[in-house]
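> Mind folding the following:
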Amino acid sequence: MPLRFVGIDLAWSERNPSGVAVIGAQGVVQKASAALWTNDEICQFAGLDSSEGAVIAVDAPLVVKNVDGSRPVEQELTQIFWPYDANPYPANLSNPAFDENGRIQRLVRHLEGLGFVNRPIIPKRSEQHSFVEVFPSPAQVILFPGANRQSHLHVRALRYKRKKGRHKNKKDRSWTEVHSEWEIYRARLRSLGCREPRMTFSPEVNTQLGVDITGFEGPAYKQWDDLLDGIFCGYLAYYFWHRGEEGCWVVGKSATGAVTLPKCQLADCPLPIAPE
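Next up is the predicted model:
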């Protein structure tokens, strides 16, 4: 039976589009879109209603039990990745996006109805119907470290998302910075063609990624950062399947929310959990 790997950068509301990518069994990104609004559109685009096996990596809080504040997993991620500018937004039940009628839980129930199981650790190179919560920013910190001849270090997350300065001493990110960081992100995705596992692009997706990003600002830009996140989430699904348990670092607990990250494969890693 064919197997595919699906990345979903899921908007918290169907009023906003999501980024989705589909990767085939040989690691080729077959198609990608950041213009999918509803859960039905996402499932149809990714072929999730078929009987084919798949591993789905979703960038969205899939399990939220706390009434207010942030989930335990978000507190843990902040403690680890705040120095790298890769900490998450808080998720709690005071936000309607996370209640049982919100689009995230409706997608989870739909996937479970199709036989998919939320598995923080993906079984290695086996046929399955699995989905997992991921978080692209710390995953990039792990997978793209800086290094010299003697050691390695992990560098900050990319600043490819437009943000306002939250403090009086901080300036808004300029579009020049945002565009430059987006191009670094694109280059990183292309560099996965010489990594293990290897990811390449279909001609159609290659054409999409060839865009001159400097022509986009404001709402017109968002489709492009969602597109890259959807592709990267797809790669994480493929990575976890390829490496299995030895490649999965699970932060948090299934009962209150867990995020699966790749394990750093380099020696003497400064992150709290190094490869076994």
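> who's in contact with the longest strand seen in the chain?
If you go by DSSP state E, the chain has its longest strand at strand 28-36. With contact meaning C-beta atoms under 8 Å, 6 or more residues apart in numbering, strand 28-36 is reached by 9, 17-24, 42, 45, 199-202, 204-205, 208, 222-224, 226-227, 230-231, 234. To be clear about C-beta, it is placed using only N, CA and C from the backbone, and glycine gets the same treatment.
> Report the mean confidence score over that strand.
Strand 28-36 carries an average pLDDT of 97.
> Repeat that for stretch 184-191.
Mean predicted lDDT for stretch 184-191 stands at 98.
> Alpha carbons of it, as CSV, please.
Only the C-alpha atoms of stretch 184-191 are listed here, as CSV (Å, rounded to 0.1, in the frame of the first residue of the first chain):
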residue,chain,number,x,y,z
ILE,A,184,17.4,31.5,4.1
TYR,A,185,14.5,29.2,5.0
ARG,A,186,14.0,28.3,1.3
ALA,A,187,17.7,27.6,1.0
ARG,A,188,17.5,25.3,4.0
LEU,A,189,14.7,23.3,2.5
ARG,A,190,16.6,23.0,-0.7
SER,A,191,19.7,21.8,1.3
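> can you pull the buried residues of it?
Residues 185, 186, 188, 189 are the ones in stretch 184-191 that count as buried (16 or more other C-beta atoms under 10 Å).
> Would you tell me what the next helix or strand after the helix or strand of the chain with the lowest mean pLDDT is?
Lowest on mean pLDDT, DSSP states H and E among the helices and strands of the chain sits strand 146-147, with a mean of 84. Moving toward the C-terminus from strand 146-147, the next helix or strand (DSSP states H and E) is strand 152-153.
> which neighbours does that next one have in its sheet, and in what orientation?
strand 146-147 (antiparallel) (DSSP bridges).
> What are the contacting residues of the strand it pairs with?
152, 153, 154, 155, 266.
> try it again with 6 Å
Contact with strand 146-147 is made by 153, 155, as judged by C-beta atoms under 6 Å, 6 or more residues apart in numbering.
> and that strand, how far out from the chain's middle?
What separates the centre of strand 146-147 from the centre of its chain is 22 Å, taken as C-alpha atoms, centre = their mean, to the nearest Å.
> Show me what the strand or helix carrying residue 138 is packed against.
Taking DSSP H and E as the criterion, residue 138 maps to helix 136-143. Secondary-structure packing of helix 136-143 (3 or more C-beta pairs under 6 Å, 6 or more residues apart in numbering; DSSP states H and E): helix 219-243, strand 257-262.
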